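Colleague: Predicted model follows, preceded by the sequence.
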Amino acid sequence: MVKVDVKGPSIGTYRDRDIPSWIDVRDGRYVYDRIWDENDGWLAQLSRDELVIVPGLIYRRETEAKPQ
């Protein structure tokens with residue numbers, strides 16, 4: 001499981017949980033990309049620069065550092 005250090009502002013909800021616009025984890029910042037499709041396997045939906053957090057939100061690694 002990925003430990004989220006910091007979360008950005010919510011852009012909505014999914015399954016009664018906030019969807020952070022971005023998250024910071026140990027190896028960098030990831031931006032929200034899409035919701036995991038329950039009809040497909042986890043790994044089939046992820047590219048090398050993506051991760052999943054509960055409750056099934058897929059985030060893509062930010063390619064360029066942006067000022068906070």
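Modeller: Okay, I see it.
Colleague: hey, which helix or strand in this structure has the poorest pLDDT?
Modeller: Lowest mean confidence among the helices and strands of the chain (mean pLDDT, DSSP states H and E): helix 42-45, at a mean of 70.
Colleague: Grab the nearest non-local neighbour of Val31.
Modeller: Leaving aside its chain neighbours, Val31 sits nearest to Trp22 (4.8 Å; criterion: C-beta to C-beta, 6 or more residues apart in numbering). Using the backbone N, CA and C atoms, a C-beta is placed for each residue, glycine as well.
Colleague: Quick check, the one you found in contact with Ile11.
Modeller: No. Trp22 is not in contact with Ile11 according to C-beta atoms under 8 Å; the separation is 9.4 Å.
Colleague: any common contacting residues for the two?
Modeller: Taking C-beta atoms under 8 Å, 6 or more residues apart in numbering as the criterion, Trp22 and Ile11 both touch Tyr32.
Colleague: what about the residue nearest to Val31, how many neighbours?
Modeller: Trp22 has 17 neighbours, counted by other C-beta atoms under 10 Å.
Colleague: now swap in Tyr32 and tell me
Modeller: Using other C-beta under 10 Å as the criterion, Tyr32 is surrounded by 19 other residues.
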